[in-house]
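Visitor: predicted model and sequence below, questions to follow.
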There are 2 protein chains.
Amino acid sequence: MALRHFTIEMEELNELLLRMGALVESSIRRSVQSLVDRDKELAKAVLRDEPTINQMQVEVDARATRVLALNQPVARDLRFLTATLKINTDLERMGDLAVNIAERTIALLNRPPVKPLEDIPKMASLVQDMLLKSLDAFVKVDAELAQTICPADNEVDALRDKVYTELVEFMQRDPATVPAAVDLIFVARNLERIADHATNIAEDVIFLAKGVDFRRAVAPAPRV
Amino acid sequence: MALRHFTIEMEELNELLLRMGALVESSIRRSVQSLVDRDKELAKAVLRDEPTINQMQVEVDARATRVLALNQPVARDLRFLTATLKINTDLERMGDLAVNIAERTIALLNRPPVKPLEDIPKMASLVQDMLLKSLDAFVKVDAELAQTICPADNEVDALRDKVYTELVEFMQRDPATVPAAVDLIFVARNLERIADHATNIAEDVIFLAKGVDFRRAVAPAPRV
């Protein structure tokens, strides 16, 4: 494979991963929107997009492995490709978690609302922002930007604890709310896990930006 | 790197991954045992092993990436290395889930038991078996063995649903059981997720056993 072809392959791979990221972000946004608006059709639209996300994952994996096999890249290109494989897995799992939220939404629509939702939409907007920032940091290989994601992860964790405590109180006060409240606790937990995956991506970017050159680490260049 | 050295590197990598798998399996077993026996010390032992599992993950990642960089393997060796990177991620997450179970156990010890535990230990023994079989299938690159794992995954899902339904009834009957029952629902959910990761490993083995040779797929060997 010629160098020009290699560059094009890497750019296409990058683009595909970003398109996948955009779809995953949209799934997260719509899954929580469907919960807030009690909109079954929107929740179903998230379920319909799952196969597309899975297909994209398979394609990113296949392309990255093919580029590895055909070009045997080293140093930064190799780190970019292994980071791509990992980010790919994280994105696919975030997509799964959005699907979980959409499924909980559909279940919840058979039950009266427990309480007005405030903290769950807050969590959702935080995790969407984390995902977009982590992908932006990946494109720019910007470790500093990647590092700004951690405080949001702590905020998400704190909101999850708040949601949990409130819902346990609701269940104890009114047993009829139990199934719906358990579903909402899981939604909060899924959002927290999405935040964890965004944090994984940020950590991969930091490694990508600062990683060692394995070839050089093992066989140092001769002194000039 | 000479061929002999390459073979040794691959064997060492394999061995390290299996040692990690054994420790993860032990963490899963001990986390559920600590819950059943209400044994805080055993739960704490699981927490203490988490850094070791994380270190092993970092080492597997570093070694696999180094072997990729220095040997630029193709075909089966390349697929083995990308499978190793994926299995490594799955094992580390299974370790995290065992830690979650141990943390829930420690929280649960402050509360009276909700009910005798039957299905959760059943789920645990199924997922341990799935993990051991999937790793065995990996070592033997045995797609047939890998395929035997799927029925157990369905069994685990069915048990999770049963645990959920029973615990919702408990919470509705007796609000005092709510926090403990929510914790137990999460334990069942964590075990189900461990089963999903074991299934991922089995799927990687199937790909590894049947995967195409990318080099050959793109540049066919000349006819003889």
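Guide: Okay, I see it. For clarity, every value in this text was computed on a predicted model and none was experimentally measured. Numbering: from 1, shown residues only, chains lettered A, B, ... in the order given.
Visitor: what's the local residue count around the closest residue to residue A:73 other than its chain neighbours?
Guide: Spatially, and ignoring its direct neighbours in sequence, residue A:73 is nearest to residue A:81 (6.5 Å; Cβ to Cβ, 6 or more residues apart in numbering or on different chains). Where you see a C-beta, it was placed from the backbone N, CA and C, and this is true even at glycine. By the criterion of other Cβ atoms under 10 Å in any protein chain shown, residue A:81 has 21 neighbours.
Visitor: now the one 3 residues further on
Guide: Here the count is done by other Cβ under 10 Å, and residue A:84 has 24 residues near it.
Visitor: quick one: contacts for it?
Guide: For residue A:84, the contact set (Cβ atoms under 8 Å, 6 or more residues apart in numbering or on different chains) comprises A:13, A:14, A:17, A:60, A:64.
Visitor: now the host helix or strand of the residue nearest to residue A:73 and helix B:75-108, what's the angle there?
Guide: For residue A:81, the host element (DSSP states H and E) is helix A:75-108. Between helix A:75-108 and helix B:75-108, the angle comes out at 50 degrees (axes from the mean of the first three to the mean of the last three Cα atoms, to 10 degrees).
Visitor: ok now helix A:75-108, how far from the chain's centre?
Guide: Between the centre of helix A:75-108 and the centre of its chain there are 5 Å (Cα atoms, centre = their mean, to the nearest Å).
Visitor: and for stretch A:31-48?
Guide: For stretch A:31-48, the distance to the chain centre is 18 Å (Cα atoms, centre = their mean).
Visitor: residues of it that come out buried?
Guide: Neighbour-count burial for stretch A:31-48 flags A:31, A:32, A:33, A:34, A:35, A:42, A:43, A:45, A:46 (criterion: 16 or more other Cβ atoms under 10 Å in any protein chain shown).
Visitor: before we move on, what about stretch A:116-136?
Guide: Buried, per 16+ other Cβ under 10 Å, within stretch A:116-136: A:117, A:119-120, A:122-124, A:126-128, A:130-131, A:133-135.
Visitor: and that stretch, what's its mean pLDDT?
Guide: Per-region confidence: stretch A:116-136 scores 95 on mean pLDDT.
Visitor: ok, residues contacting that stretch?
Guide: The contact list for stretch A:116-136, computed with Cβ under 8 Å, 6+ apart, reads A:18, A:21, A:24-25, A:28-29, A:32, A:35-36, A:94, A:142, A:145-146, A:148-149, A:152-153, A:155-156, A:159-160, A:162-163, A:166, A:184, A:187-188, A:191-192, A:194-195, A:198-199, A:201-202, A:205.
Visitor: quick check: residues of chain A near chain B?
Guide: Residues of chain A lying close to chain B (Cβ under 8 Å from any Cβ of the partner chain) are A:61, A:65-66, A:68-70, A:72, A:74-75, A:78-79, A:82, A:85-86, A:89, A:164, A:168, A:171-173, A:175-176, A:178-179, A:182, A:185-186, A:189, A:214-215, A:218.
Visitor: now the buried members of the residues you listed.
Guide: With burial judged by 16+ other Cβ under 10 Å, the buried subset of these is A:61, A:65-66, A:68-70, A:72, A:74, A:78-79, A:82, A:85-86, A:89, A:164, A:168, A:171-172, A:175, A:178-179, A:182, A:185-186, A:189, A:214.
Visitor: and after the strand or helix carrying residue A:36, which helix or strand comes next?
Guide: Element membership for residue A:36 (DSSP H and E) is helix A:3-37. As assigned by DSSP H and E, the chain's next helix or strand after helix A:3-37 is helix A:40-71.
Visitor: for that following helix, packing partners?
Guide: helix A:3-37, helix A:75-108, helix B:75-108, helix B:214-218 (3 or more Cβ pairs under 8 Å, 6 or more residues apart in numbering or on different chains; DSSP states H and E).
Visitor: and those helices as JSON lines, adding mean pLDDT?
Guide: What follows is these, written out as JSON lines (pLDDT from 0 to 100):
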{"stretch": "helix A:3-37", "mean pLDDT": "93"}
{"stretch": "helix A:75-108", "mean pLDDT": "93"}
{"stretch": "helix B:75-108", "mean pLDDT": "93"}
{"stretch": "helix B:214-218", "mean pLDDT": "41"}
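Visitor: now residue A:21: closest residue in space that isn't a chain neighbour?
Guide: Residue A:21's closest residue in space is residue A:135 (Cβ to Cβ, 6+ apart), at 4.5 Å.
Visitor: quick one, whichever helix or strand the one you found is part of and helix A:3-37 angle?
Guide: Secondary structure assignment for residue A:135, by DSSP H and E: helix A:119-140. Compare the direction of helix A:119-140 with that of helix A:3-37 by the same axes, to 10 degrees and you get 170 degrees.
Visitor: got the CA coordinates for helix A:119-140 in PDB?
Guide: Listed next in PDB are the C-alpha coordinates belonging to helix A:119-140 (Å, rounded to 0.1, in the frame of the first residue of the first chain):
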ATOM      1  CA  ASP A 119     -31.200  15.500  37.600                       C
ATOM      2  CA  ILE A 120     -31.400  12.800  34.900                       C
ATOM      3  CA  PRO A 121     -31.500  15.400  32.000                       C
ATOM      4  CA  LYS A 122     -28.700  17.300  33.800                       C
ATOM      5  CA  MET A 123     -26.700  14.100  33.800                       C
ATOM      6  CA  ALA A 124     -27.500  13.500  30.100                       C
ATOM      7  CA  SER A 125     -26.300  16.900  29.100                       C
ATOM      8  CA  LEU A 126     -23.100  16.500  31.100                       C
ATOM      9  CA  VAL A 127     -22.300  13.100  29.500                       C
ATOM     10  CA  GLN A 128     -23.100  14.300  25.900                       C
ATOM     11  CA  ASP A 129     -20.700  17.200  26.500                       C
ATOM     12  CA  MET A 130     -18.000  14.700  27.800                       C
ATOM     13  CA  LEU A 131     -18.400  12.500  24.800                       C
ATOM     14  CA  LEU A 132     -18.200  15.400  22.300                       C
ATOM     15  CA  LYS A 133     -15.100  16.900  24.100                       C
ATOM     16  CA  SER A 134     -13.300  13.500  24.300                       C
ATOM     17  CA  LEU A 135     -13.800  12.900  20.500                       C
ATOM     18  CA  ASP A 136     -12.700  16.500  19.800                       C
ATOM     19  CA  ALA A 137      -9.600  15.800  22.000                       C
ATOM     20  CA  PHE A 138      -9.000  12.600  20.000                       C
ATOM     21  CA  VAL A 139      -9.100  14.400  16.600                       C
ATOM     22  CA  LYS A 140      -6.800  17.100  17.800                       C
END
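Visitor: helix or strand next in line after it, which one?
Guide: helix A:143-147.
Visitor: for that following helix, what is the average pLDDT?
Guide: 94.
Visitor: quick one: buried residues of that helix?
Guide: Under 16+ other Cβ under 10 Å, the buried positions of helix A:143-147 are A:145, A:146.
Visitor: for chain B, what's the nearest residue on chain A?
Guide: Residue nearest to chain B within chain A: residue A:72 (3.4 Å; Cβ to the nearest Cβ).
Visitor: shouldn't that residue be in contact with residue B:78?
Guide: No. Counting by Cβ atoms under 8 Å, residue A:72 sits too far from residue B:78 to count as a contact (9.6 Å).
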